[in-house]
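Peer 1: here's a sequence, model it:
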Amino acid sequence: MHSVTLIPRHLTEKLTSTLRTTRVINIVGPRQTGKTTLVRDLVEAARFLDLDDESLFASLALDPYGQLSTLSSETGQTGLPIVIDEVQRLPQITLALKRIVDRDRRAGQFVLTGGGAINVHRCAPTAVPSTFPKQRTERPTHWQLPAISGNP
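Peer 2: Below you'll find the predicted structure:
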């Protein structure tokens, strides 16, 4: 039996501290670099929305502001963020997020992850860049991979 110990990633501390000071965090990086894993392991979320889920995607695409505003209101008292995975699939979500966080200025409302940077300025030209700070993941190196120990 093997036990797996994950070695902390370079964004662990930064993600934790940024959640306390920023309304929306945008984690971007190449495919398979651990963006979703990082968030699932470190962030206790009020809701986890995966935009690879076609029914969820379709629902959000119809009314991103209405859907996210309702979720934000429902989960606001928990103090936990809403995580939106694969956010690059729905670029129009940016304006909805901007409207929500302009109305409610508490930190740590949304964590976005995706393989491509969501273009904040194209979708929401009046958004203040610091509203959506980017945290980049990198290709894992040998020291970031799980350390396997134990008896075979």
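Peer 1: make sure residue 98 is indeed in a strand.
Peer 2: No. The assignment for residue 98 (DSSP: H, G, I helix; E, B strand; the rest coil) gives helix, which keeps it out of a strand.
Peer 1: lowest-scoring secondary structure element of the protein by mean pLDDT?
Peer 2: The element with the least model confidence among the helices and strands of the chain, by mean pLDDT, DSSP states H and E, is strand 147-149, at a mean of 33.
Peer 1: where do the strands sit along the chain?
Peer 2: 3-5, 24-28, 47-50, 82-85, 110-114, 134-136, 147-149 (DSSP state E).
Peer 1: what about the helices in the chain?
Peer 2: Taking DSSP state H as the criterion, the chain contains helices spanning 12-19, 35-42, 54-62, 64-75, 93-103, 120-123.
Peer 1: low pLDDT regions in the protein?
Peer 2: Low-confidence segments of the chain, defined by pLDDT under 70: 1-11, 116-152.
Peer 1: how about 90 then?
Peer 2: Residue ranges of the chain with pLDDT under 90: 1-20, 25-46, 74-80, 106, 113-152.
Peer 1: counting neighbours, what do you get for residue 99?
Peer 2: For residue 99, the count of nearby residues is 15 (other C-beta atoms under 10 Å). C-betas here are computed from N, CA, C, even on glycine.
Peer 1: quick check: it vs residue 64, distance?
Peer 2: Distance check for residue 99 against residue 64: by C-beta to C-beta, to the nearest Å, it reads 10 Å.
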